[in-house]
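Engineer: Here you go, sequence then predicted model.
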Amino acid sequence: MGQRPNIKEIDRFLIDTLNRLSLPALRISLGIIFIWFGALKPFGDSPAVDVITKTVYWFDPDIFIPILGVWEMAIGLCLLYTPLIRAGLFLLALQMPGTFLPLIILPEVCFIDIPFNLTLEGQYIVKNLVLIGAAIVVGSRLVPLAEKSK
């Protein structure tokens with residue numbers, strides 16, 4: 001009879017498996033989220049439309065919101081197609097600061113009590129910190145361009 005694996009072997013196996021699967025899972029989940037949330041905007045089905053319209057009041061929402069939706073879908077598609085990951089991360093980096101504008105421009109919409117008690121809209125915005133962290137992880141695992149030709 002074979003020897004049963006010990007806890008260290010199981011631990012190593014699980015860690016190796018997570019190391020192999022974690023980056024693709026993170027990249028794919030980010031891509032899906034951006035495509036999904038972005039696709040809702042051109043069709044007027046996004047729950048964020050009202051907050052976006054009130055935050056970016058200087059743009060016509062009938063033009064701005066569909067463009068934002070296409071932008072987000074482009075981020076997602078770039079993250080799903082490996083050669084375009086850098087472009088997707090660049091688009092994401094340009095878009096993300098704007099997602100926090102409602103916290104400054106519309107605090108009455110984002111907070112029940114400033115600074116900690118968030119409304120549902122505020123929670124929707126603050127969760128973008130996780131998206132930013134995930135994008136940083138995806139970017140940190142890219143192979144530098146100079147090293148690809150070796």
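Structural biologist: That came in fine, so what should we check first?

Engineer: rest of the way, CA atoms for contacts and neighbours
Structural biologist: Noted.

Engineer: shaky segments in this structure?
Structural biologist: Filtered on pLDDT under 70, the chain yields the residue ranges 1-2, 147-150.

Engineer: just the helices in the chain please.
Structural biologist: Counting by DSSP state H, the chain has helices at residues 7-40, 49-55, 61-80, 85-99, 101-105, 107-110, 120-126, 128-140, 145-148.

Engineer: Now render those helices as CSV, adding mean neighbour count.
Structural biologist: As requested, those are arranged in CSV below (neighbours: other Cα atoms under 10 Å):
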stretch, mean neighbour count
helix 7-40, 15
helix 49-55, 16
helix 61-80, 20
helix 85-99, 16
helix 101-105, 16
helix 107-110, 18
helix 120-126, 16
helix 128-140, 15
helix 145-148, 7
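
Engineer: Extract the CA atoms of stretch 43-57 and return them as PDB.
Structural biologist: Output in PDB follows, covering the C-alpha atoms of stretch 43-57 (Å, rounded to 0.1, in the frame of the first residue of the first chain):
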ATOM      1  CA  PHE A  43     -29.000  49.900 -22.400                       C
ATOM      2  CA  GLY A  44     -29.900  52.100 -19.400                       C
ATOM      3  CA  ASP A  45     -30.000  49.200 -17.100                       C
ATOM      4  CA  SER A  46     -27.100  50.100 -14.800                       C
ATOM      5  CA  PRO A  47     -28.000  51.000 -11.200                       C
ATOM      6  CA  ALA A  48     -25.100  53.500 -11.300                       C
ATOM      7  CA  VAL A  49     -26.700  55.700 -14.000                       C
ATOM      8  CA  ASP A  50     -28.300  58.100 -11.500                       C
ATOM      9  CA  VAL A  51     -25.100  58.600  -9.500                       C
ATOM     10  CA  ILE A  52     -23.100  59.000 -12.700                       C
ATOM     11  CA  THR A  53     -25.500  61.500 -14.100                       C
ATOM     12  CA  LYS A  54     -25.400  63.600 -10.900                       C
ATOM     13  CA  THR A  55     -21.700  63.300 -10.600                       C
ATOM     14  CA  VAL A  56     -20.700  64.100 -14.100                       C
ATOM     15  CA  TYR A  57     -23.400  66.700 -14.600                       C
END
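
Engineer: Pick out the residue closest to the middle of the protein.
Structural biologist: Taking Cα atoms, centre = their mean as the criterion, Leu131 is the residue nearest the geometric centre of the chain, at 3.5 Å.
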